[in-house]
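Enquirer: 3D model of this:
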Amino acid sequence: MTMTELTMGPVYYLWDGPKWRDFYLRVAEEAPVDRVVIGETVCSKRQHFIEPHLVEVVERLERAGKTVVFSSLALVTLERESRFVRELIETSDYPIEVNDLSAIGLIKGRRHLVGPLVNVYNSATARLLAERGAERICLPPELPFASVSQIAAAETGATIEVFVFGRIPLAISARCAHARSKGKIKDNCQFVCGEEPDGLSLKTLDRQSFLVLNGVQTMSHTCQALVHELEEMQDAGIRSLRLSPQDCDMVEVAKTFREALDRRLGSQSALDRLRAIYPTAPFSNGFHHAKEGAAWIAKAKSASFAR
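Expert: Numbering: from 1, shown residues only. The predicted structure follows:
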């Protein structure tokens, strides 16, 4: 069986520069991942936190044999953001992962990747993007496996990747609800989103956890964890899986998935280990099984909602 690759996706949250740097330096030295996506995806105002560390991070990742990819913004609303994306595409020597259609328009056939924030819901769309230069497509995490397997079987010309771990990115807005929740406005937010390195939890009126705010981005409260589903994805021809960084030991997360993929660790043991590594968020896999995203579908196919 062809070996399944692991990709470490970009950090969606605002981490201060040293924490962001140290995270990737450790990924370089210890995480069994093949590809690492770096760069700001959610809010252009955060870019200056990571810029002083980019050269060091890239050098260490490459020295460790990782493929480095730069991420583009998920939502471009200002001229300076448009200029930033254009310059990234025009000047970068590294593959670019595009996260919105404007970047796809700008990249003009150059080799690139498509991130999970682009709505690729069928094989026709995947084939069109591949024809325009996409060599790898990470499918949106809300897709059910039936759709994923159909796209993977369609031989579009692009490697298909599946989002298997992390809080699910659900929406992004020109306004910043995270800043607003703390009495700030987006233009003078004072980077309050950095106070929650794993996002700000939202609760319903009856005090049940519901969603997570991450600056202008809305994410799931639950963490998608597709470990019982690894074998069926491999059987369907999926050869690349994505881990989305959370504020936990992502090196151990990567090691757990690697051992499970290599059949050195059973799926239940892998799940138990992941829950110990990241105990602050309930796990879910409902989207994969064509159920509510927050649902947890046990291996025996019985459904229950994460609390």
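
Enquirer: okay, CA-based contacts and neighbour counts for the rest of this
Expert: Noted.

Enquirer: residue 35 pairs with what?
Expert: Taking DSSP bridges as the rule, residue 35 bridges to residue 7, residue 67.

Enquirer: ok, now how distant is it from residue 95?
Expert: Per C-alpha to C-alpha, to the nearest Å, residue 35 is found 11 Å from residue 95.

Enquirer: do the same with residue 29
Expert: To residue 95, residue 29 is 21 Å away according to C-alpha to C-alpha.

Enquirer: these two: which is more packed in?
Expert: residue 95 (18 against 15; other C-alpha atoms under 10 Å).

Enquirer: my guess is that one contacts residue 111. True?
Expert: Yes - Residue 95 lies in contact with residue 111 (C-alpha atoms under 8 Å); the separation is 6.6 Å.

Enquirer: need the helices for the stretch 151-300 of the chain, in chain order.
Expert: For the stretch 151-300 of the chain, the helices defined by DSSP state H, counting those that start in this stretch occupy 177-180, 230-235, 250-261, 267-277.

Enquirer: need the outlier residue of this structure, farthest from its centre.
Expert: residue 206 (30.0 Å; C-alpha atoms, centre = their mean).

Enquirer: which residue is nearest the centroid of the chain?
Expert: residue 244 (4.0 Å).

Enquirer: do you know the pLDDT at that one?
Expert: pLDDT recorded at residue 244 is 98.

Enquirer: just the one 10 residues further on next, same as before
Expert: Residue 254 carries a pLDDT value of 98.

Enquirer: in contact with it, which residues?
Expert: Shown in contact with residue 254 (C-alpha atoms under 8 Å, 6 or more residues apart in numbering): 6, 31, 32, 33, 243.

Enquirer: now swap in residue 136 and tell me
Expert: 112, 113, 114, 130, 158, 159, 160, 161.

Enquirer: verify the stated contact: the third one with residue 98.
Expert: Yes - Residue 114 is in contact with residue 98 according to C-alpha under 8 Å; the separation is 5.0 Å.

Enquirer: can you list the low-confidence ranges for this structure?
Expert: 1-2, 300-307 (pLDDT under 70).

Enquirer: could you point out the longest strand of it?
Expert: With secondary structure taken from DSSP state E, the chain has its longest strand at strand 159-172.

Enquirer: what sits closest to residue 133 if chain neighbours are left out?
Expert: Closest residue to residue 133 apart from its sequence neighbours, by C-alpha to C-alpha, 6 or more residues apart in numbering: residue 109 at 4.6 Å.

Enquirer: which SS class is that neighbour?
Expert: What DSSP: H, G, I helix; E, B strand; the rest coil gives for residue 109 is coil.

Enquirer: make 37 the first number, not 1, from now on.
Expert: That works, and once the first residue is 37, the last one we named lands at residue 145.

Enquirer: burial measure for it, as a count.
Expert: 14.

Enquirer: can you give me the helices for the stretch 37-186 of the chain?
Expert: Here the stretch 37-186 of the chain has its helices, by DSSP H, counting those that start in this stretch, at 53-66, 83-86, 90-99, 115-127, 137-143, 159-167, 181-189.

Enquirer: who wins for proximity to residue 262 among those?
Expert: helix 181-189 (10.9 Å; C-alpha to C-alpha).

Enquirer: gap between the closest one and the chain center?
Expert: Here the centre of helix 181-189 is set off from its chain's centre by 19 Å, with C-alpha atoms, centre = their mean, to the nearest Å.

Enquirer: now it: buried residues?
Expert: 181, 183, 184, 185, 187, 188 (16 or more other C-alpha atoms under 10 Å).

Enquirer: what does stretch 112-122 give?
Expert: 112, 117, 118, 120, 121, 122.

Enquirer: ok, the residues you listed vs residue 314, which is closest?
Expert: Checking the buried residues of stretch 112-122 against residue 314 by C-alpha to C-alpha gives residue 112 as the nearest, at 31.9 Å.

Enquirer: distance check, residue 80 against residue 281.
Expert: 19 Å.

Enquirer: still on that earlier bit, buried ones in the longest strand of the chain?
Expert: Neighbour-count burial for strand 195-208, with 16+ other C-alpha under 10 Å as criterion, is recorded at 195, 196, 197, 198, 199, 200, 201, 202, 203, 204, 205, 208.

Enquirer: so which elements touch that strand?
Expert: When contacts are defined as 3 or more C-alpha pairs under 8 Å, 6 or more residues apart in numbering; DSSP states H and E, strand 195-208 sits against strand 170-174, strand 253-261, strand 276-279.

Enquirer: between those strands, which gets nearest to residue 333?
Expert: The closest of these to residue 333 is strand 253-261. By C-alpha to C-alpha, the value is 10.8 Å.
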